[in-house]
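# Sequence first, then the predicted structure, then my questions.
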Amino acid sequence: MRKEFGLTLSEFLRDLGRLSADFQLDDDGRRLCLPWPPGEVEICFGEARPRRLGALCLPLLPVEFRFHNLNADERAGFLRRFERAFQRGGG
């Protein structure tokens, strides 16, 4: 599953810490594994690039999620928790 985030890598990792602090970024900073019993979630980062909207420049971080040893319900549970950790409030 692929998504794009309007975040820098450091902002993504900060927000991921709300979900779990039990992850390790690999040496090249392009991949991490997050234990999610009974399996794990592998998160791979694409090349960050700017998104330009007129004079405004925002970060764009492509992210791919790979699920290992998780059934459909377990994946859905992870995604619910993940989205809650990354939710931005307003109003």
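It's in.

# so which strand or helix has the nearest residue to L19 once chain neighbours are set aside?
Nearest residue to L19, sequence neighbours excluded (C-beta to C-beta, 6 or more residues apart in numbering): A85, at 4.0 Å. Where you see a C-beta, it was placed from the backbone N, CA and C, and this is true even at glycine. Element membership for A85 (DSSP states H and E) is helix 72-86.

# And L13, by the same measure?
Per DSSP H and E: helix 9-19 holds L13.

# quick one: that helix to chain centroid distance?
Centre-to-centre, helix 9-19 and its host chain are 8 Å apart (C-alpha atoms, centre = their mean, to the nearest Å).

# residues in contact with it?
With C-beta atoms under 8 Å, 6 or more residues apart in numbering as the contact definition, helix 9-19 has outside contacts at 5, 7, 23, 25, 29, 34, 43, 45, 48, 59, 61, 63, 81-82, 85-86.

# ok so, going back, what helices and strands are in contact with the helix holding A85?
helix 9-19, strand 56-68 (3 or more C-beta pairs under 8 Å, 6 or more residues apart in numbering; DSSP states H and E).

# would you turn these into a markdown table with mean neighbour count, distance to P38 and mean pLDDT?
Output for these, formatted as a markdown table (neighbours: other C-beta atoms under 10 Å; distance: least, C-beta to C-beta, whole Å; pLDDT from 0 to 100):
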| stretch | mean neighbour count | distance to P38 | mean pLDDT |
| --- | --- | --- | --- |
| helix 9-19 | 15 | 17 | 92 |
| strand 56-68 | 14 | 10 | 95 |
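
# Contacts for the lowest-mean-pLDDT helix or strand in the chain next, please.
For the chain, using mean pLDDT, DSSP states H and E, the weakest element among its helices and strands is strand 24-25, scoring a mean of 86. If you take C-beta under 8 Å, 6+ apart as the criterion, strand 24-25 is touched by L13, R31, L32, C33.

# And these, which of them are buried?
Using 16 or more other C-beta atoms under 10 Å as the burial test, the contacts of strand 24-25 include L13, L32, C33 as buried.
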